[in-house]
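A.B. asks: have a look; sequence and predicted model below, questions after that.
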Amino acid sequence: MDKLIASFQVDHTRIGYGIFVSRRDVVNGAYVTTFDIRMKRPNAEPAIHPNAMHTIEHVVATHLRNSRFRKHVVYWGPMGCLTGFYFITNTPHPIEPREIEKPIRAAFRALANWRGKVPGATPVNCGNWQLHDLAMAKFEAREFLSKEWSFEYPTAKRAKAGKRTVFDA
């Protein structure tokens, strides 16, 4: 296998906080865009604790799916590296990271100010309902909102060997 997927071609030693286009597809005439919502600098600071990630997932997904942007929301879910989330949208035209900045900031403000129980955190609604930490999720939301966000991926430079690209992963 010599074709490295797009998300592994990002230079994770240079990426910072922000919203980035991970990939864009056209499906039945609609633009399906996967955004990388990066809350932590990979390999440079501690990842988000799984309990906080799970709570962020529940609260932000609930907010986005009840927002004015709801008809464009396909998916909101955590990255395996625990440094951020993937947000997949479906729109009639291509959208850029700055166009979703407002709904993302609103969702994280809602989380930072959340009162009450974590939505869907019951044995009936969630596969791991006890894996939550609202206080830590609120802390992470405030931290993310306090950062200066970028909107363009730093891509990794790859060496060429003949016609083949050399990957270091």
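C.D. replies: Okay, I see it.
A.B. asks: give me the neighbour count for the residue nearest to residue 26 when sequence neighbours are not counted.
C.D. replies: Spatial nearest neighbour of residue 26, chain neighbours left out: residue 32 (7.4 Å); criterion: C-beta to C-beta, 6 or more residues apart in numbering. Yep, even glycine has a C-beta here, placed from its N, CA and C like the rest. Here the number of neighbours of residue 32 (other C-beta atoms under 10 Å) works out to 16.
A.B. asks: residue 32 should be in a strand, yeah?
C.D. replies: Yes. Assigned with DSSP: H, G, I helix; E, B strand; the rest coil, residue 32 falls within a strand.
A.B. asks: distance check, it against residue 90.
C.D. replies: Using C-beta to C-beta, to the nearest Å, we find residue 32 at a distance of 5 Å from residue 90.
A.B. asks: common neighbours of those two, please.
C.D. replies: residue 74 (C-beta atoms under 8 Å, 6 or more residues apart in numbering).
A.B. asks: how far away is the residue most central in space within the chain from residue 19?
C.D. replies: Centroid-nearest residue in the chain: residue 85, 2.2 Å away (criterion: C-alpha atoms, centre = their mean). According to C-beta to C-beta, residue 85 and residue 19 sit 10 Å apart.
A.B. asks: can you check residue 32 too?
C.D. replies: Taking C-beta to C-beta, one finds residue 32 at 16 Å from residue 19.
A.B. asks: now residue 36
C.D. replies: 7 Å.
A.B. asks: just residue 147 next, same as before
C.D. replies: Applying C-beta to C-beta, the value for residue 147 to residue 19 is 12 Å.
A.B. asks: what does residue 139 give?
C.D. replies: According to C-beta to C-beta, residue 139 stands 20 Å off from residue 19.
A.B. asks: the more surrounded of these two?
C.D. replies: Between residue 139 and residue 19, counted using other C-beta under 10 Å, the more crowded position is residue 19 (22 against 14).
A.B. asks: what's near enough to touch the residue nearest to that one when sequence neighbours are not counted?
C.D. replies: Nearest non-adjacent residue to residue 19, counting by C-beta to C-beta, 6+ apart: residue 97, 3.9 Å away. Applying C-beta under 8 Å, 6+ apart to residue 97 gives the contacts 18-21, 35, 151-152.
A.B. asks: can you check residue 16 too?
C.D. replies: Residue 16 makes contacts with 38, 41, 147, 149-150, as judged by C-beta under 8 Å, 6+ apart.
A.B. asks: mind checking the end-to-end distance for stretch 31-44?
C.D. replies: 33 Å (C-alpha to C-alpha, to the nearest Å).
A.B. asks: tell me the pLDDT of the nearest residue to residue 40 once chain neighbours are set aside.
C.D. replies: The spatial neighbour of residue 40 that comes closest, neighbours along the chain excluded (C-beta to C-beta, 6+ apart), is residue 83 at 4.1 Å. If you check residue 83, the pLDDT there is 97.
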